[in-house]
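Colleague: sequence unavailable; structure follows:
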Ligand code: NAI
């Protein structure tokens, strides 16, 4: 075992399986005491089981680490408070919060129910707000904190499932907003967009097959997305961001998995058209009809091509 995170206490939500499990094990391997939170539900959000969290706790303990299970849902504001309280009751402090829990309800928007939308946003975006809200109060009082949220590359290259990509885009904006609010504190807030072979990833293969059939995804892209490495390749960057080595890194979104760690740029306006609105008033439709295609949108394409 390493000691990079010795004395630190971490929570990893949804860490009974997949990416979160890899993160919990890696944090514990560097000496952190870990709250393994997992509702133990299905990929689509139904059901509950204590087994996934219990198994990861047992695995950490077997390797000589310290861990405790929590089975609350991040989507419930009060329950999220209990997740944070579990860290305080079990280990006396909270240094690291990794928001990782997630589900999928993949459908094109015309077949997506209101429930499909609400539950995905509730677990990903609202769940991230819930735990951050409770955790930041503790971290501010302690004078230290690391928050690592989980976005997805689907935030900027969304291939359908607007509930998921919308929620992940919300997590990116929440991460930027929270980092900005915390800029004068010793608390950092970043996000990762992981890629790994997990239950969730495998469950979305039929959706990708449908996209290929519908001509919305190229065969090479399908093959590229299908072939993902194990989740433990995501964890090293999360451990780094949780450590004192990353004290000055905040408000950033990282892509990580396999042998890759990349940082995304912050989107900005790329060009504009301007008029003296105080003197000449608002744009007219005749002006826009000429200037939008001829100037503003010249060379600008949708992200897929
Ligand atoms: P997974 O399905 O293997 O694990 C997710 C875990 O979250 C499950 O153990 C589940 O029980 C738990 N969970 C679900 N709802 C919960 C709730 N309300 N409260 C507490 N726990 C809950 O999925 P995977 O692939 O490990 O995903 C982890 C995160 O990484 C998710 O946020 C996902 O969106 C994100 N991600 C994964 C990618 C991949 O390639 N696997 C790609 C991009 C993002």
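Modeller: Good, I have the coordinates. From a predicted model like this one, the values you see are computed outputs, not experimental measurements.
Colleague: could you list the buried residues of stretch 195-215?
Modeller: Within stretch 195-215, the residues scored as buried using 16 or more other C-beta atoms under 10 Å are 195, 196, 197, 198, 200, 201, 204, 207, 208, 211. C-beta: built from backbone N, CA, C; applies to glycine.
Colleague: among the residues you listed, which ones lie close to the ligand?
Modeller: Among the buried residues of stretch 195-215, the ones lying near the ligand by C-beta under 6 Å from any ligand atom are 195, 196, 198, 200, 201.
Colleague: nearest to residue 77, of those?
Modeller: Minimum distance to residue 77 across those is 23.8 Å, recorded for residue 200 (C-beta to C-beta).
Colleague: mind checking the pLDDT average for the helix or strand containing that closest one?
Modeller: Under the assignment given by DSSP states H and E, the secondary-structure element containing residue 200 is helix 199-203. Confidence over helix 199-203, taken as the mean pLDDT, stands at 91.
Colleague: C-terminal to it, what's the next element?
Modeller: The next secondary structure element downstream of helix 199-203 (using DSSP H and E) turns out to be helix 205-213.
Colleague: roughly how far is the helix or strand just after that next one from the heart of the chain?
Modeller: Elements were assigned by DSSP H and E; along the chain past helix 205-213, the next helix or strand is helix 219-226. Distance of helix 219-226 from the chain centroid (C-alpha atoms, centre = their mean, to the nearest Å) equals 22 Å.
Colleague: hey, what's the angle from helix 219-226 to helix 205-213? Just curious.
Modeller: Comparing the axes of helix 219-226 and helix 205-213 via axes from the mean of the first three to the mean of the last three C-alpha atoms, to 10 degrees yields an angle of 170 degrees.
Colleague: do helix 219-226 and the ligand meet?
Modeller: No - for a cut-off given as C-beta under 6 Å from any ligand atom, helix 219-226 has no contacts with the ligand; the smallest distance is 8.6 Å.
Colleague: what about the nearest residue to residue 103 once chain neighbours are set aside, neighbour count?
Modeller: For residue 103, ignoring the flanking residues on the chain, the nearest one in space by C-beta to C-beta, 6 or more residues apart in numbering is residue 45 at 4.2 Å. Residue 45 sits with 19 neighbouring residues when counted by other C-beta atoms under 10 Å.
Colleague: with the one 10 residues further on instead?
Modeller: The criterion is other C-beta under 10 Å. On that basis, residue 55 has 17 neighbouring residues.
Colleague: where's it, which helix or strand?
Modeller: When secondary structure is defined using DSSP H and E, the element that contains residue 55 is helix 51-62.
Colleague: packing partners for that helix?
Modeller: The elements that helix 51-62 packs onto, with contact taken as 3 or more C-beta pairs under 8 Å, 6 or more residues apart in numbering; DSSP states H and E, are helix 18-29, strand 33-37, strand 67-70.
Colleague: nearest to residue 233 among the ones you listed would be which one?
Modeller: Using C-beta to C-beta as the measure, helix 18-29 is the one of the helices and strands packed on helix 51-62 that comes nearest residue 233, at 7.9 Å.
Colleague: averaged pLDDT, the closest one. What do you get?
Modeller: Predicted confidence along helix 18-29 averages 98 (mean pLDDT).
Colleague: so where do the helices sit in the chain?
Modeller: Along the chain, counting by DSSP state H, helices occupy 18-29, 51-62, 77-91, 114-121, 127-142, 162-181, 199-203, 205-213, 219-226, 235-242, 277-280, 285-291.
Colleague: show residues contacting the last one.
Modeller: With C-beta atoms under 8 Å, 6 or more residues apart in numbering as the test, helix 285-291 has contacts from 273, 275.
Colleague: 7 Å instead, please
Modeller: Helix 285-291 is contacted by residues residue 273 when judged by C-beta atoms under 7 Å, 6 or more residues apart in numbering.
Colleague: let me know the pLDDT of residue 214.
Modeller: Among the per-residue scores, residue 214 holds a pLDDT of 88.
Colleague: phi, psi of whichever residue of the stretch 101-250 of the chain sits closest to the ligand?
Modeller: Of the residues in the stretch 101-250 of the chain, the one nearest the ligand is residue 102, at a distance of 2.8 Å by C-beta to the nearest ligand atom. Phi and psi for residue 102, reported as degrees, to the nearest 10, are phi -160, psi 160.
Colleague: swap in the one 3 residues further on?
Modeller: Recorded main-chain torsions at residue 105 are phi -140, psi 80, according to degrees, to the nearest 10.
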